[in-house]
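# Take this sequence and fold it.
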Amino acid sequence: MDMVKADFQSLDERFARINGDEWMQRLHTGCRWTEGPAYFPAGRYLVFSDIPNDRTLRWDETTGQVGVFRQSSGYANGHTVDRTGRLVSCEQGTRRVTRTEHDGSITVIADAWNGKKLNSPNDVVEHSDGSLWFTDPSYGIDSDYEGYQAESEIGACNVYRADPDGSVTMVADDFVRPNGLAFSADESKLYIADTRQKPSHLRVFDVKGAGLAGGGIFGTCDSGGFDGVRVDAKGNVWSAARDGLHCFAPDGTLIGKLRMPEVCSNFTFGGARRNELFITASSSLYTLRVNINGARYP
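Take a look at the predicted model:
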């Protein structure tokens, strides 16, 4: 296990007390492009993607070992754990969102909208009403590197909501490449990254029942493009970028960064008290304990 010096960069007094371990642990390396970490507290393990190698990996907290969870994974990208402890996955290669049931069987949540195939679902979050909200850029069909090259049937990169009754509704259609997304702790707002805008930015929407309103720019990226998004218990919004994790105060001010030695793709708050950061960055998986907790959702 490698140790890497933790590099917290404070840009505002509100970030001054956000820190944690002096050293990050590199739990695994040797992947092509890691993504989509999802922590299972009951099992004390983390699932994450190695997209170009078409596999999902599993890190066991009790043993420190990493093994293959699923291969082929459908070129899975983002994952989440639903409120009953099931894995929900965005599969770029199969162009669908799936749920792994407790018995290991796989249920297809969404694979089309208005009779047309999805592009390549990227990241997903669950609302307390049981609906799943996900982004659908075209990375999995742009080439054969992270999926299978194909033409988009929809002709756009949108954001969708999949309801428990099986219906799929488009909730935002004005993105270039929607990517990571996260609800505020009270689920009144939804933050969504648009990676290919120049500059890349985060947008914030008001959640109005089953739809969205607003969508103004919440923060812009000064290093590459925004990717994964999470919210902490104080309402700060964190997003992965080229140089690490960027932290925005609830008013949209960039207050600090956790700089990384590799290009950062995604992350999650995990551990028994949601105060351990698990970060996917280029070829590796990193972790460190911090003095702030991830948001607790209804």
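
# From now on I want contacts and neighbour counts done on CA atoms only, so please keep to that.
Fine.

# my read: Asp54 touches Asn77, true?
No - because the distance of 9.4 Å does not satisfy CA atoms under 8 Å, Asp54 is recorded as not touching Asn77.

# mind listing what the nearest residue to Ala241 once chain neighbours are set aside touches?
The spatially closest residue to Ala241, leaving aside those adjacent along the chain, is Phe226, at 4.9 Å (CA to CA, 6 or more residues apart in numbering). Shown here is Phe226, whose contacts under the criterion CA atoms under 8 Å, 6 or more residues apart in numbering are Asn179, Gly180, Ala193, Asp194, Thr195, Ser200, His201, Leu202, Ser239, Ala240, Ala241, Arg242.

# again, only this time at 7 Å
Contacts here follow CA atoms under 7 Å, 6 or more residues apart in numbering; on that basis Phe226 touches Ala193, Asp194, Thr195, Ser200, His201, Ser239, Ala240, Ala241.

# any chance you could read off phi and psi for the spatially most central residue of the chain?
Centroid-nearest residue in the chain: Gly228, 4.0 Å away (criterion: CA atoms, centre = their mean). Phi and psi for Gly228, reported as degrees, to the nearest 10, are phi -70, psi 150.

# Am I right that it is in contact with Arg242?
No - counting by CA atoms under 7 Å, Gly228 stays clear of Arg242, with 11.3 Å between them.

# thinking again about what came up before, any quick ChimeraX command for the buried ones out of the contacts of Phe226?
Buried members of the contacts of Phe226, defined by 16 or more other CA atoms under 10 Å, are picked up in ChimeraX with:
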select :193,194,195,200,201,239,240,241
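
# Return the subset of the contacts of Phe226 lying in strands.
Cross-referencing the contacts of Phe226 against strands under DSSP state E gives Ala193, Asp194, His201, Ser239, Ala240, Ala241.

# ok, now how distant is the closest residue in space to the third one that isn't next to it in sequence from Pro199?
Of all residues not flanking His201 in the chain, Thr220 sits nearest, at 4.2 Å (CA to CA, 6+ apart). The span separating Thr220 from Pro199 equals 6 Å under the rule CA to CA, to the nearest Å.

# now do the same end-to-end measure for stretch 72-87.
Note: stretch 72-87 ends 16 Å apart using CA to CA.

# who does the strand ranked longest in the chain pair up with?
In the chain, taking DSSP E as the definition, the longest strand is strand 211-220. Strand pairing for strand 211-220, determined by DSSP bridges: strand 201-208 (antiparallel).

# Convert the C-alpha atoms of the partner strand to CSV, please.
Only the C-alpha atoms of strand 201-208 are listed here, as CSV (Å, rounded to 0.1, in the frame of the first residue of the first chain):
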residue,chain,number,x,y,z
HIS,A,201,-19.1,24.1,-14.9
LEU,A,202,-21.5,23.0,-12.2
ARG,A,203,-25.2,23.9,-12.5
VAL,A,204,-27.8,24.0,-9.8
PHE,A,205,-31.5,23.1,-10.2
ASP,A,206,-34.5,23.4,-7.9
VAL,A,207,-36.2,20.1,-7.6
LYS,A,208,-39.9,20.6,-8.3
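
# centre of the chain versus that strand, how much separation?
Using CA atoms, centre = their mean, to the nearest Å, the mean C-alpha position of strand 201-208 is found 16 Å from that of the whole chain.
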